[in-house]
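**Q** have a look at this prediction, sequence included:
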Amino acid sequence: MNYFLPFFALLLLFSGLNISLAQSAEPTVQEVMAQSIKYAHLENDPLASLGARVRQAPWLPQFKTRFVRDADFGESVKEKIGEASTRFARDFSDYGFEVEARWEFDRLVFNPDELAVAREAGRISGQREQLISTVVELYFGRQLLLLESKQQSSTYQKNMDKLKIDELTARLDGITGGWFTQQLGAAL
C-alpha cells in the first residue's frame, strides 16, 4: 500500500506550518469519510440491532399450526337368525386444529446465529477500513495536487495536474454518491 500520501498530508496538517491544503470551503476528510460510509451502507447500526434481535429470539416461542381431517369409513352387517340381515354404512370425519408453541432455550446459552452476525460485523469492519483508506489516499492526493498545481509555471504541467485532480474528484464523487461535487459546487 502507498502510505506516503496520507503520512505526508498528516505531516503537513500537524507540522504547524501555515499552509492551506485546499480552499477552506471544501469538505474535510472526516466529512468525506462519513459520507462515503453512509453511501456504502457500512454503518454499525443495522448490525447492532440484528445482534440484539438474535439474542432475544430464544425468549419468543415459535408457533406451528395445523389443520387435521381424519376420515373413517366403515361398514358393518347385523344378522339375526331367521331375520333379514341389515347393513349399516357409516362415515366419520374428525376435524381438528392444532397449535404448537415451542421455545429453544438452549439458544440462550449458544446461538449459532450470533456467529453469523459476528462474521458479518467483521466483514463490514474490513470493508469500512478499506473504504476509509481509499478515501484518505484520494482526498490527500487531491489536496497535494491542488498545492502543486498552484506552484507550477508550465501550462502543460498545470493541465496534467488539473486532469489528475479531476480524476481524484470523480473517484471521491463516486465513493460518496455525488455528494463531494455537490459540496464543491456549494463552496464556489
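**A** Received it, and whenever you're ready, just let me know what you need.
**Q** quick check: mean pLDDT of stretch 60-74?
**A** Stretch 60-74 carries an average pLDDT of 79.
**Q** ok, then the element right after the host helix or strand of Leu147?
**A** For Leu147, the element it lies in under DSSP states H and E is helix 112-151. Per DSSP H and E, the first helix or strand lying C-terminal to helix 112-151 is helix 155-175.
**Q** got the angle for that next one vs helix 112-151?
**A** Put simply, helix 155-175 runs at 160 degrees to helix 112-151, going by axes from the mean of the first three to the mean of the last three C-alpha atoms, to 10 degrees.
**Q** what's helix 155-175 packed up against?
**A** helix 29-39, helix 112-151, helix 179-187 (3 or more C-beta pairs under 8 Å, 6 or more residues apart in numbering; DSSP states H and E). In short, each C-beta sits where N, CA and C put it, glycine included.
**Q** try 7 Å this time
**A** helix 112-151, helix 179-187 (3 or more C-beta pairs under 7 Å, 6 or more residues apart in numbering; DSSP states H and E).
**Q** any idea which of those helices scores lowest on pLDDT?
**A** helix 179-187 (a mean of 86).
**Q** and that one with helix 29-39, angle?
**A** Using the same axes, to 10 degrees: helix 179-187 against helix 29-39 is 130 degrees.
**Q** got a list of contacts for helix 179-187?
**A** Applying C-beta atoms under 7 Å, 6 or more residues apart in numbering, the set of residues contacting helix 179-187 from outside is Gln23, Ala25, Glu26, Pro27, Val32, Gln35, Thr169, Leu172, Asp173.
**Q** what about 6 Å?
**A** Helix 179-187 is contacted by residues Ala25, Glu26, Pro27, Gln35, Leu172, Asp173 when judged by C-beta atoms under 6 Å, 6 or more residues apart in numbering.
**Q** nearest to Gly122 among those residues?
**A** Checking those against Gly122 with C-beta to C-beta, the nearest one is Gln35 at 23.4 Å.
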